[in-house]
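Engineer: Next one to model:
(chains A and B)
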Amino acid sequence: MNNISEKQLLKFRDLIFTNCGLWFGDSKLSILANRIRTRMKESGVSDPDEYLRLICSPDDRAEISTLINQVTTNETYFYRSESQIDSFKNIILPKLMEKKVAANDRRIRIWSAGCSSGEEPYTLAICILETIPFHSIWNIEIYATDISTEVLNKASEGRYSRRAIEKLPKEYLAKYFVERDGFHIINNTVKKMVEFDYANLIDAYYESDFDIIFCRNVLIYFKDETKKDIINKFWGSLVDDGYLFLGPTEMIRGLVEGFKMVTLKDSVVFQKQPR
Amino acid sequence: MKDVVILVVDDSSVVVEAVREALLGDGYIVYTAGDGLEALDIVKRQKINLILLDIDMPRMNGYQLCKILKKDPNYKNIPIVMLTAKSTETDRVWGLKAGSDEYLTKPFNYSKVKEVIKRFI
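Structural biologist: Purely as a prediction, here's the structure:
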């Protein structure tokens, strides 16, 4: 059932690219095929051609919207890539606070781009609560965006399975969550620190004045040209000397000017430089 | 009906023209914009009574424009009707969370749009 030929798969890939700008390179085609199969099964369609017709229908955009939600959703969890989170908490954040205090500026703005169901921005919020003394005198804004309304709704709900919180230090779990019906619900103090928004990174409108941008394991779904454009826009959205965290294996060398790679304890971050 | 001004925001010129023609036929004053940024500029310069707003647009999207306007005391009372192809339940819920007053999905018939406009004006 649901045998998708290579020709059909390439058609799906082009349709997704046209509709949201995400590009599944040849090495990711099997992931794409699996996600399409899952969605076809859910929607009760077994013939790939019939499903192609369904998502191309100009009268009903719901299915293409649902498929995009499905193919762009990545499973994530709290405290993902621990060394990066520790560097953020123990190195970058104290450094940033020192700089802000010296400038008599109490505003910190962080963007979690491609935030999925909220695990990353809530992790950042928890790190801030743990690191910044008297955080209430600071104006801390964590802006979190994603292209899928499905994950955004989940994120704003703040309700997680045990799997999502497995890597979170136990003391944080007790401090910032309550357990209900087998799920872990994030508390309101953390929840209030994050503002979720629907945004596609290929759009032209980006918010600005961010001290730090996290965009981890997202750019892998874009073509090099789009990637370059997105990183250039990140450059414009960051304050001078602002930081960009990418996925642990993602590099931007050779793609754009204006970032210096800084090695932290067990991870790297890209710092904005003048052009 | 006296000088009711409606702003139609959509990146599809076909949709914009169809809605504009119909609204003009009903005696409304109509402004149009191709994306959220253009719409924001118009809202700041003109008095608008209601906005018909698409979501997926090439520059600022409809959810973002909606949130900006609903947070601003000068514009928060302008009714915003999402008129969009994004028709899943999660899209609708997110639209309402963004602050829209009504959520209609394409394909739409004009009588429904008209009915909703009348409800707000």
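Engineer: Tell me how many other residues surround the closest residue to residue A:248 other than its chain neighbours.
Structural biologist: Sequence neighbours aside, residue A:81 is the residue nearest to residue A:248 in space, at 5.2 Å (criterion: C-beta to C-beta, 6 or more residues apart in numbering or on different chains). Placement of C-beta: from N, CA and C, glycine included. For residue A:81, the count of nearby residues is 20 (other C-beta atoms under 10 Å in any protein chain shown).
Engineer: which is the next helix or strand following the strand or helix carrying residue A:71?
Structural biologist: Here residue A:71, judged by DSSP states H and E, is contained in helix A:62-72. Past helix A:62-72, further along toward the C-terminus, the next helix or strand under DSSP H and E is helix A:82-87.
Engineer: any idea how far that next one is from the chain center?
Structural biologist: Taking C-alpha atoms, centre = their mean, to the nearest Å, one finds the center of helix A:82-87 at 16 Å from the center of the full chain.
Engineer: packing partners for it?
Structural biologist: In terms of contacts (3 or more C-beta pairs under 8 Å, 6 or more residues apart in numbering or on different chains; DSSP states H and E), helix A:82-87 is packed against helix A:119-131.
Engineer: Would you mind listing the outside residues contacting the helix it packs on?
Structural biologist: With contact meaning C-beta atoms under 8 Å, 6 or more residues apart in numbering or on different chains, helix A:119-131 is reached by A:76-80, A:85, A:88-90, A:93-94, A:97, A:108, A:110, A:112, A:115, A:135, A:140, A:142, A:144, A:155, A:158, A:160, A:164, A:168, A:172, A:176, A:186, A:189-191, A:193-194, A:196, A:214, A:216.
Engineer: Report the buried residues of the helix holding residue A:71.
Structural biologist: A:62, A:63, A:64, A:65, A:66, A:67, A:68, A:69, A:71, A:72 (16 or more other C-beta atoms under 10 Å in any protein chain shown).
Engineer: Stretch B:71-79 too?
Structural biologist: When burial is assessed from 16+ other C-beta under 10 Å, stretch B:71-79 yields the following buried residues: B:75, B:78, B:79.
Engineer: Could you tell me the model confidence score at the second one?
Structural biologist: If I follow you right, that is residue B:78. In this model, residue B:78 is scored at 98, pLDDT.
Engineer: same thing with residue A:221?
Structural biologist: On pLDDT, residue A:221 comes in at 87.
Engineer: How about it: what's its closest non-neighbour residue?
Structural biologist: Once flanking residues are discounted, residue A:221 sits nearest to residue A:22: 4.6 Å by C-beta to C-beta, 6+ apart.
Engineer: Now do the phi/psi pair for the one you found.
Structural biologist: Note on residue A:22: its backbone torsions stand at phi -80, psi 140 [degrees, to the nearest 10].
Engineer: Next, find the distance separating it from residue B:17.
Structural biologist: 30 Å (C-beta to C-beta, to the nearest Å).
Engineer: Then residue A:185 would be within a strand, right?
Structural biologist: Yes: with DSSP: H, G, I helix; E, B strand; the rest coil as the criterion, residue A:185 is located in a strand.
Engineer: For it, list each beta-bridge partner.
Structural biologist: Per DSSP bridges, the residues bridged to residue A:185 are residue A:159, residue A:178.
Engineer: ok, it - how many residues close by?
Structural biologist: Using other C-beta under 10 Å, residue A:185 is surrounded by 16 other residues.
Engineer: so it sits right up against residue A:178, yeah?
Structural biologist: Yes: counting by C-beta atoms under 8 Å, residue A:185 touches residue A:178, with 5.2 Å between them.
Engineer: Which parts of chain B are helices?
Structural biologist: Applying DSSP state H to chain B gives helices spanning B:13-25, B:36-45, B:62-71, B:89-97, B:110-120.
Engineer: Sorry, wrong one. I was asking about the stretch 151-275 of chain A.
Structural biologist: A:162-165, A:170-176, A:188-191, A:224-237 (DSSP state H, counting those that start in this stretch).
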